[in-house]
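>>> give me a 3D structure for the following:
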Amino acid sequence: MSGKILNVALVGLGIGRSHIVEGYLPNADKFRIAAICDLNQDRLDSIGEEFGIEQRLTDFDALLQMDDVDIIDVCTPPMVHYPQIMAALKAGKHVICEKPLVGSLAQLDEVMAVEKTAKGKLMPIFQYRYGDGIEQVRKIIGSGLAGKPYVVTAETFWKRTSEYYEVPWRGKWATELGGVLMTHAIHIHDIVTYLMGPITGLFGRVATRVNDIEVEDCVSASCVLESGALASLTATLGNQDEISRIRLAFENVAFESDHEAYSPGAKPWKIIPANDEVAAKIDDLLKGWVHVPPRFETQVARFHDALTNGAALPVTTDDARRALEIVTAFYHSSETHTEVSLPIGRDHPKYQSWVPAAFRT
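Presented below is the predicted three-dimensional model:
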């Protein structure tokens with residue numbers, strides 16, 4: 001099965017174009033774009049012509065009826081992820097879905113229940129996990145060489161002006177489902193837990209300070225992780241340049257990410273060992289390193305391996321739940337001025353929705 005080419009139907013051609021360019025074209029021996037779907041006919045035709053894709057549809061339900069489609073790749077605005085994921089799983093398709101996976105922990109638990117009995121597998125997108133830098137750091141931590149974790153700081157300092165919000169669904173609770181927490185910082189916060197393990201306590205604040213929008217564009221939190229390590233999470237959409245910066249301090253080594261905003265894992269990270277002995281062990285561990293392509297290229301390649309060879313899914317709905325628990329905890333903590341314990345269960349006040357009541361449809 002490892003050589004099988006899987007047919008993909010891609011819905012939503014905004015970020016969806018990046019999935020094609022960064023994910024499927026470099027993995028042309030693994031995937032074929034069988035169909036594309038978008039409500040914007042001009043964009044549909046433009047991308048169809050650009051990549052030679054003949055099947056161009058404006059009806060999502062029509063994709064579900066295509067027997068030759070193995071995977072539905074959902075790249076639509078956040079408010080329609082939940083119904084499209086559910087429909088695709090029930091149609092027996094494998095599913096890839098952009099972040100945020102859904103709009104509440106309640107919805108996510110429903111998706112996870114359907115996933116357990118579905119024919120297809122579901123993979124959330126967290127493409128920032130991939131690249132030489134993050135892979136090397138994860139290998140060092142996993143080997144035990146790093147030792148006891150102390151602290152981590154994570155900064156998502158990006159810039160979004162009013163023009164960004166001219167796209168009708170952005171900046172609104174009903175359609176974007178959140179702001180910088182949901183659409184931007186969720187990547188860097190996922191990296192924190194990917195490398196350091198789950199957050200168990202969070203005290204956070206959110207604010208809207210940069211643009212005239214409904215949702216937040218500045219956040220900051222103090223956290224404790226399951227290991228006992230401490231974390232600081234800060235994000236803004238009002239920075240004058242754009243960086244993503246992650247710094248981790250362990251007993252035997254410190255790490256700092258490459259600062260590139262949208263691919264912090266692409267280049268090797270700064271690795272600062274405590275002494276020459278630790279440095280020699282790290283060099284030995286990383287000897288003969290094989291390049292790991294960044295972002296979508298590696299994530300979708302590993303998804304193919306999971307579907308055809310039985311490998312583990314590179315990103316799971318458990319990972320998506322952990323990310324959305326952080327979002328939920330931020331909103332609740334800021335509103336109540338209390339620390340929130342994670343994981344978050346069904347009895348939590350924001351389990352059904354973190355969207356303020358005044359904006360719920």
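
>>> measure stretch 21-29 end to end?
14 Å (Cα to Cα, to the nearest Å).

>>> what is the longest helix along the chain packed up against?
Longest helix in the chain by number of residues, with DSSP state H as the criterion: helix 317-336. Packing partners of helix 317-336 (3 or more Cβ pairs under 8 Å, 6 or more residues apart in numbering; DSSP states H and E): helix 105-117, strand 122-124, helix 180-183, helix 186-196, strand 199-207, strand 218-225, strand 340-341. In this view, the C-beta of every residue, glycine as well, is placed from N, C-alpha and C.

>>> who's in contact with residue 59?
Counting by Cβ atoms under 8 Å, 6 or more residues apart in numbering, residue 59 makes contact with residue 37.

>>> pLDDT score assigned to it?
Confidence at residue 59, expressed as pLDDT, is 97.

>>> run the chain-centre distance for stretch 306-314.
Relative to the centre of its chain, stretch 306-314 is centred 19 Å away, using Cα atoms, centre = their mean, to the nearest Å.

>>> list of residues touching it?
With Cβ under 8 Å, 6+ apart, stretch 306-314 has contacts from 1-4, 6, 70, 94, 121, 123, 129, 298-299, 302-303, 305.

>>> coming back round to it: who wins for proximity to residue 244 among the helices and strands packed on helix 317-336?
helix 186-196 (5.4 Å; Cβ to Cβ).

>>> buried subset of the contacts of stretch 306-314?
6, 70, 94, 121, 123, 129, 298-299, 302-303, 305 (16 or more other Cβ atoms under 10 Å).

>>> can you pick out the most distant pair from the residues you listed?
Most distant of the buried ones among the contacts of stretch 306-314, by Cβ to Cβ, are 70 and 129, 23.3 Å apart.

>>> the buried ones among the contacts of stretch 306-314 in strands, which ones?
The strands, defined by DSSP state E, take in 6, 94, 123 from those.

>>> can you redo those residues as a markdown table with distance to residue 36 and pLDDT?
As requested, those are exported to a markdown table (distance: Cβ to Cβ, whole Å; pLDDT from 0 to 100):
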| residue | distance to residue 36 | pLDDT |
| --- | --- | --- |
| 6 | 16 | 98 |
| 94 | 17 | 98 |
| 123 | 19 | 98 |
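
>>> for the stretch 1-150 of the chain, just list every one of the strands.
Listed in chain order, the strands of the stretch 1-150 of the chain (DSSP state E, counting those that start in this stretch) span residues 6-11, 31-37, 56-57, 71-74, 94-97, 122-124, 149-159.

>>> mind putting the ones you listed into CSV with distance to residue 223?
What follows is the strands of the stretch 1-150 of the chain, written out as CSV (distance: least, Cβ to Cβ, whole Å):
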stretch, distance to residue 223
strand 6-11, 35
strand 31-37, 37
strand 56-57, 43
strand 71-74, 30
strand 94-97, 26
strand 122-124, 21
strand 149-159, 9
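
>>> on that earlier part again, among the helices and strands packed on helix 317-336, which is the most enclosed?
Comparing the helices and strands packed on helix 317-336 by mean neighbour count (mean count of other Cβ atoms under 10 Å), strand 122-124 comes out on top with a mean of 27.

>>> partner strands of that one, with direction?
strand 94-97 (parallel) (DSSP bridges).

>>> so what's the gap between the strand it pairs with and the chain middle?
On Cα atoms, centre = their mean, the centre of strand 94-97 falls 13 Å from the chain's centre.

>>> using CSV, list the CA coordinates for that strand.
Taking Å, rounded to 0.1, in the frame of the first residue of the first chain, the C-alpha atoms of strand 94-97 are listed here in CSV:
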residue,chain,number,x,y,z
HIS,A,94,-10.4,10.6,5.4
VAL,A,95,-10.3,14.2,6.5
ILE,A,96,-7.6,16.9,6.8
CYS,A,97,-8.8,20.1,8.4
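
>>> am I right that residue 136 is in contact with residue 269?
Yes - look at residue 136 against residue 269 with Cβ atoms under 8 Å: they come within range, at 6.8 Å.

>>> neighbour count: those two, which is higher?
Set residue 136 next to residue 269 and count neighbours by other Cβ atoms under 10 Å: residue 269 wins out with 23 against 20.

>>> per-residue pLDDT of that one, please?
97.

>>> ok, now which ones touch the closest residue to it other than its chain neighbours?
Of all residues not flanking residue 269 in the chain, residue 133 sits nearest, at 4.0 Å (Cβ to Cβ, 6 or more residues apart in numbering). Neighbouring residues of residue 133 by Cβ under 8 Å, 6+ apart: 257-258, 264-269.

>>> now, of those residues, which are buried?
257-258, 264-266, 268-269.

>>> quick one: which of those is nearest residue 168?
Checking the buried ones among the contacts of residue 133 one by one against residue 168 (Cβ to Cβ), the nearest turns out to be residue 264, at 29.7 Å.

>>> three-state assignment of the closest one?
coil (DSSP: H, G, I helix; E, B strand; the rest coil).

>>> what separation is there between it and residue 156?
10 Å (Cβ to Cβ, to the nearest Å).

>>> now the common contact residues for the two.
188, 244.

>>> got any ranges where the protein has weak pLDDT?
For the chain, residues meeting the criterion pLDDT under 70 lie at 1-2.

>>> let me see the domain layout of it.
6-127+298-303, 128-293 (automatic domain parsing).

>>> looking at those domains, which is nearest to residue 355?
When the domains of the chain are compared by Cβ to Cβ, domain 128-293 sits nearest residue 355, at 4.8 Å.

>>> please compute how far the closest one lies from its chain's middle.
With Cα atoms, centre = their mean, you get 12 Å for domain 128-293.
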